[in-house]
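Student: take a look and give me a structure for this.
(one chain, ligands or ions: 1)
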Amino acid sequence: MSQRVSMKPNAPSELKPAHCKRCGCPCQGSPSQKPNARPFKKALRGLCSACVVCVLFQDVDGGLGFALPDDFDPEGLRLPHIQEQFARVLSVGESELTMEQINWDAVIGKWRLNEPTIH
Ligand SMILES: [Zn+2]
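Tutor: Next up, the predicted model:
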């Protein structure tokens, strides 16, 4: 008498829908595969990829904020030498977010989200 073992594929239950804490857009959390990744590591909750890039550039402590002038125009993020440097930061830190995954239009669009709007 043979017994049939049914194999159930593992459901991707680790992927839970979440919302970005900064812009509120729906984004999917995923567990980090590289505990030492920096500056960007996947997480089950947190910021979307566009916001995390904004925050890195704007953060004065630990980010790149100290290097940007107060009146920095986020369109400058598209400049090839800025992108080159940023790509280096990602590769040195073995970031889980790669240049290919960054939507610079979204980064620029979300750049001023946490600044007070002046009317
Ligand atoms: Zn966001």
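Student: what is the neighbour count of Leu113?
Tutor: 15 (other CB atoms under 10 Å). Quick note: C-beta positions are derived from backbone N, CA and C, even for glycine.
Student: can I take it that Val89 is in a helix?
Tutor: Yes - counting by DSSP: H, G, I helix; E, B strand; the rest coil, Val89 falls inside a helix.
Student: tell me how many other residues crowd the nearest residue to it once chain neighbours are set aside.
Tutor: In this structure, Val89 finds its nearest non-sequential neighbour in Pro39, 6.5 Å apart by CB to CB, 6 or more residues apart in numbering. Neighbours of Pro39 under the rule other CB under 10 Å: 21.
Student: check which helix or strand Pro39 maps to.
Tutor: Secondary structure from DSSP states H and E places Pro39 outside every helix and strand.
Student: check contacts around it.
Tutor: 56, 63, 89-90, 93, 95 (CB atoms under 8 Å, 6 or more residues apart in numbering).
Student: need the worst-confidence member of those residues.
Tutor: Lowest pLDDT within the contacts of Pro39 is found at Gly63 (79).
Student: okay but it is in contact with Cys54, surely?
Tutor: No - judged on CB atoms under 8 Å, Gly63 makes no contact with Cys54 at a distance of 9.8 Å.
Student: neighbour count winner among the two?
Tutor: Using other CB under 10 Å, the more surrounded residue of Gly63 and Cys54 is Cys54, with 25 against 15.
Student: what about that one, distance to Leu64?
Tutor: Look at Cys54 and Leu64: by CB to CB, to the nearest Å, they are 11 Å apart.
Student: neighbours of Pro74, how many?
Tutor: Neighbours of Pro74 using other CB under 10 Å come to 17.
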